[in-house]
Structures are given as C-alpha cells and as structure tokens.
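[1] I'll drop the sequence and a predicted model, then ask my questions.
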Amino acid sequence: MDLYSLVIENKYTLEMLYALAIGLVCAFIFIKTDKFFKLSLHQGIRYFRNAFFFYGVAFIARYIFGILSDSNFKHIYITQIIFEYFIVMAGFFLFYSLIWKRFESSKDIPFSSLFNARIAIFHLMAIVIAVLDYLWGDYDFMFFSQIIIFFCASMIAYFNYRKDRKKHQFLKFYFIAMLLSLGVWVLNFLAETYFEWNQGILINISIINILFFLLFLYGVIKVTKIK
C-alpha cells in the first residue's frame, strides 16, 4: 500500500490531527509573538500576532467540528462559515501587518488591534465572504480573496526584503511564507474548479500548508531567541 492510499483510507482521522497540530503551532507562535510585542510595542508584530490567533482558532474549530460531525451534530452547516471567517480574517491581519504604517502613526495607535474602526472593515468583509460562499455552496469568494491578498502581500514582502534584508532577518521568512500561502490558495482554487477535489492534490496542498506554518514557527523562534 502506497503512502497516498494510506492517507486517503485514514482521511478523517488525519484531517483532525492536521487541524489540531496547526492549531497548536499557531498557539505557540501567538504566545511567542505576544511576549515579543509587549517588549517592543511594534504594531506590525501586534497584527502579525493577531493573524496566528485567528489561524489557530480556525483550525481548532475545524478539529472540534470534525469530531462533532462524526457525532451527527445537527448544526454542522455552520462549520464552513466559522472556519472561513477566521481563515479570511487571519489573511487580512497578515496583510495588514505589512501595510499598517500607511494607515497608522505612532500617535494614532488604537486601543484594540482586534476590534477598531479600520479592522472592523476586515471583519465585515470576512463575514460577507463566508456567508456568500455558504449561500453559493462553494469556496470561490474565499479563494479569490486570499489569492488577491497573498499576491499583494508577496509583492510587498519582496520589496521589504530587498530593502531591509540586512537589518531584519525575519523578512526572508515572511516573503517565502507569503509565496507558499499564495501557492496553496491557487492550488485550492484549481482543485475545486478543474480537478474535482482530487485527493492527491489535496494532500500536496496540506503539505505546503504545513510548511507555511512551520516556516513562520522557525522564523519566530529564531528572531525571538536572538532578541
């Protein structure tokens, strides 16, 4: 029996373990970056931290609802909306962590980075995207939004890396991670649209997604250890 066949036969168990593992990685990143933010008071780190809070909640929710679905939970239809909302918000926060200086200044720091006038727009957009996908019965709105976000984030991260690569080691991790995430969302869209959710493609997507989170984990550990 080859590896793909083994994975497919244990699909649901592995999906729950996958979601739990990523949730725990995100929790670790959140804790480390939260401590780092409290020392540096850097707003970019604050929004970066928020991204992994939302990623963590999304994947833990996916893990919990995966268990509930096996128990015939009658309201399992809300899984897609909740998961999409948190995933989309995480993408928005990662993107905003790159551009926050264009909208905020050191004299204009919001009390809350999770809920304020600017971030409220992201919350509204994430809710609309999740609900529209649920009503349409697909994931296209989420895929398109994340492809656009991570394409723009990749471009910004690249220019930041070219500009300050000697001063900030973390920028190279950011740029590579943005490219990986962009690739994941493009592959997700192709898997849905052209390959009818081919299991082999989905396995590869999961591997790339794990690399995305592990790359950030490595970068965070390295940078916070230096500091």
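    In hand now; what should we look at?
[2] so F103 sits against N116, correct?
    No - look at F103 against N116 with Cβ atoms under 8 Å: they stay out of range, at 10.7 Å. Any C-beta I mention is one placed from the backbone N, CA and C, and that applies to glycine too.
[3] which of those two has more neighbours?
    Between F103 and N116, counting by other Cβ atoms under 10 Å, N116 is the more crowded of the two (13 against 9).
[4] measure that one to Y96 for me?
    With the distance defined as Cβ to Cβ, to the nearest Å, N116 ends up 11 Å from Y96.
[5] next: Y134.
    To Y96, Y134 is 25 Å away according to Cβ to Cβ.
[6] again, but for I64
    27 Å.
[7] show me which of these two is the more surrounded one.
    The neighbour count for I64 versus Y96, taken as other Cβ under 10 Å, is higher for Y96 (24 against 17).
[8] what helix or strand does that one sit in?
    Following DSSP states H and E, one finds Y96 within helix 78-99.
[9] helices or strands up against whichever helix in the chain runs longest?
    For the chain, the longest helix by residue count, based on DSSP state H, is helix 11-40. Helix 11-40 makes packing contacts with helix 43-70, helix 199-226 when contacts are defined by 3 or more Cβ pairs under 8 Å, 6 or more residues apart in numbering; DSSP states H and E.
[10] and F175, which of the ones you listed is closest to it?
    Among those, helix 199-226 comes nearest to F175, with 10.3 Å by Cβ to Cβ.
[11] average pLDDT for the closest one?
    On average, the pLDDT along helix 199-226 is 85.
[12] give me the low-pLDDT residue ranges for this structure?
    Within the chain, the stretches with pLDDT under 70 are 1-11, 66-77, 105-108, 110, 165-169, 226-227.
[13] next, count neighbours for I45.
    With neighbours defined by other Cβ under 10 Å, the count for I45 comes to 20.
[14] swap in C152?
    The burial count for C152: 15, using other Cβ under 10 Å.
[15] dump the residue contacts of the closest residue to it other than its chain neighbours.
    Spatial nearest neighbour of C152, excluding adjacent residues (Cβ to Cβ, 6 or more residues apart in numbering): F95 at 6.7 Å. Taking Cβ atoms under 8 Å, 6 or more residues apart in numbering, we find F95 in contact with 149-150, 152-153.
[16] which residues do N116 and Y96 both contact?
    Common contacts of N116 and Y96, defined by Cβ under 8 Å, 6+ apart, are absent altogether.
[17] in the longest helix of the chain, what's buried?
    Buried residues in helix 11-40, counting neighbours by 16 or more other Cβ atoms under 10 Å, are found at 15-16, 18-20, 22-23, 25-27, 29-30, 32-33, 36-37.
[18] cool, and stretch 204-217?
    204-206, 209, 211-213, 215-217.
[19] picking that back up, any idea of the angle the longest helix of the chain forms with helix 43-70?
    160 degrees (axes from the mean of the first three to the mean of the last three Cα atoms, to 10 degrees).
[20] and helix 11-40, how far out from the chain's middle?
    With Cα atoms, centre = their mean, to the nearest Å as the basis, helix 11-40 stands 11 Å off its chain's centre.
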